[in-house]
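[1] Attaching a predicted model along with its sequence, questions to come.
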Amino acid sequence: RFTSHLNRQRKKNQKKLTVSRFANRVDAVHALSLSTAATKEWQRQERERHANDIAVLTERRIQAEDTAERATVANRVLSNALDEAECRCAALREEVATERDNVTRLTRVIEEKD
């Protein structure tokens, strides 16, 4: 009688263990599917962040190229202005030299008349 009780108890425990194992497997499969979904979501977010980074860097590169182009144009304008200023300065030096020569001549003429 006690043996049959132990056998019945063993069978119940085996059923419980089987159900428990099945539940553990289901939990494991569910956890794996959640993990897979989380991984896919993380990968999607990483791709999105990567695409955003590329967009930002591309915009910065375009802005840098635009700034460099404007700086080149400004440099060209300043260079032309400097060339013009140097030419005008040379012309003014010639005018000053001519005026100095004229003053010197006039001074001589005035001294000779005195």
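    Yes, it's here. Since the model is a prediction, treat every value here as computed from it, not as a measurement.
[2] what helix or strand is the residue nearest the centre of the chain on?
    By Cα atoms, centre = their mean, the chain has its centre lying nearest to Leu57, at 3.3 Å. Secondary structure from DSSP states H and E places Leu57 in helix 2-113.
[3] and that helix, what does it pack onto?
    Contact here means 3 or more Cβ pairs under 8 Å, 6 or more residues apart in numbering; DSSP states H and E; on that basis helix 2-113 packs against no helix or strand. For every residue, glycine as well, the C-beta is placed using N, CA and C.
[4] quick one: Thr58 from Arg44, how far?
    21 Å (Cβ to Cβ, to the nearest Å).
[5] Glu99: neighbouring residues, count only.
    Applying other Cβ atoms under 10 Å, we find 10 residues neighbouring Glu99.
[6] what about the protein, any weak spots by pLDDT?
    Low-confidence segments of the chain, defined by pLDDT under 70: 1-2, 14-24, 26.
[7] please redo it, this time with the cut-off set to 90
    Within the chain, the segments meeting pLDDT under 90 span 1-40, 42, 109-114.
[8] Would you quantify the distance from Ala97 to Val103?
    From Ala97 to Val103 the distance is 11 Å (Cβ to Cβ).
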